[in-house]
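>>> prediction below, plus the sequence it came from.
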Amino acid sequence: MSAEPPPLTPSTLYLVATPIGNLEDITLRALRVLRECDVVAAEDTRRTGQLLRHYGIARPLLSCFAFNEARRSGEILERLGRGGKVALVTDAGSPGISDPGGRVVRAAIAAGFRVEAVPGACALVAALTASGLPAEEFHFAGFLPHKSGQRRNELTRLSGLPGTLVLYESPFRVERLLGELQAVMPDRPVVLARELTKKFEEYLRGTPAELLERARQRPLKGEFVVLIGAGDAVTGNAAAEDYSVGQG
């Protein structure tokens, strides 16, 4: 069997997962696709440019973010129609997972073009596997709405689902979320996964009230994945446990 990978397929949109923190969180296949594609459509061309330079890759960059995705979709389809090989990336993780990309994917599929996923690091999967919460069944809800009433309604709806709940939250709203969880799901075990795969990766475990008290003593910083156990979930001897994982 030949060890030489096949060349990229013309008229194909490649959805390339990028590092979620540590620059080593990228696959050999992702690097090859980024080297061999005709253009990289990126959520933030500056950030993607830094990644490409780190790995010695020089490719044309095309800006494609939430507010211009509709217009860029047409340009990407034109490139695919000419036989182009387009790599679509976001700032971290996989396109379309709480990030831009879904509109481009749907447009490419509707136009009859080939779409391939180039999988890699995923914050929700990394957090879930290290959380200690059951992973046999889980529900990913992405980011909650910004408005208080909508957030409360969504949390109430999610509280009725079986399995572990997984949310993304910004550092500016994570304390607010803990207060909302204290009101809606006060007895559920919660894990805050912070700065995944970075030097200061950390997991904070406890009830909403315990974690809220901790947040008031020490401000919570960084990017968060919030995991909420089902009513009978067990996290082990971890009512208020935390630990850090150094990355170098």
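Nice, I can see it.
>>> now tell me which helix or strand of the protein has the poorest mean pLDDT.
strand 242-245 (a mean of 42; mean pLDDT, DSSP states H and E).
>>> could I get the phi/psi values of Arg32?
Arg32 has phi and psi values of phi -70, psi -40 when expressed as degrees, to the nearest 10.
>>> before we move on, what SS does the closest residue to it other than its chain neighbours have?
Nearest residue to Arg32, sequence neighbours excluded (Cβ to Cβ, 6 or more residues apart in numbering): Pro5, at 6.4 Å. In short, each C-beta sits where N, CA and C put it, glycine included. Under DSSP: H, G, I helix; E, B strand; the rest coil, Pro5 falls in the coil class.
>>> you'd agree Pro5 is up against Leu31?
No. Contact between Pro5 and Leu31 fails when scored by Cβ atoms under 8 Å: they sit 11.3 Å apart.
>>> show me which positions of stretch 199-219 end up buried.
Under the neighbour-count criterion of 16 or more other Cβ atoms under 10 Å, stretch 199-219 has 201-208, 210-212, 214-215 buried.
>>> show me where the chain has helices.
Secondary structure of the chain (DSSP state H): helices at 28-36, 45-54, 69-81, 102-110, 123-131, 148-159, 174-184, 208-217.
>>> restrict stretch 136-145 to CA atoms and write it as CSV.
Taking Å, rounded to 0.1, in the frame of the first residue of the first chain, the C-alpha atoms of stretch 136-145 are listed here in CSV:
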residue,chain,number,x,y,z
GLU,A,136,-22.4,8.2,26.7
GLU,A,137,-25.1,10.7,26.0
PHE,A,138,-24.6,14.5,25.8
HIS,A,139,-26.2,17.5,24.2
PHE,A,140,-24.2,20.4,22.8
ALA,A,141,-26.0,23.8,22.9
GLY,A,142,-23.2,26.1,21.8
PHE,A,143,-23.6,29.7,23.1
LEU,A,144,-26.7,30.8,25.0
PRO,A,145,-28.6,33.9,23.8
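>>> what mean pLDDT does it have?
Averaged over stretch 136-145, pLDDT sits at 96.
>>> now stretch 79-90
Per-residue pLDDT values across stretch 79-90 average out to 98.
>>> work out the gap between that stretch and the centre of the chain.
Distance of stretch 79-90 from its chain centroid, counting by Cα atoms, centre = their mean, to the nearest Å, is 22 Å.
>>> picking that back up, which one of Pro5 and Leu31 has more residues nearby?
Leu31 (17 against 11; other Cβ atoms under 10 Å).
>>> excluding chain neighbours, what is closest to that one?
Per Cβ to Cβ, 6+ apart, closest to Leu31 is Tyr55, 5.8 Å.
>>> the one you found is in contact with Ala30, isn't it?
No. At 9.6 Å, Tyr55 does not count as touching Ala30 under the criterion of Cβ under 8 Å.
>>> more neighbours, those two?
Neighbours per residue (other Cβ under 10 Å) separate Tyr55 from Ala30, with Ala30 holding more: 22 against 12.
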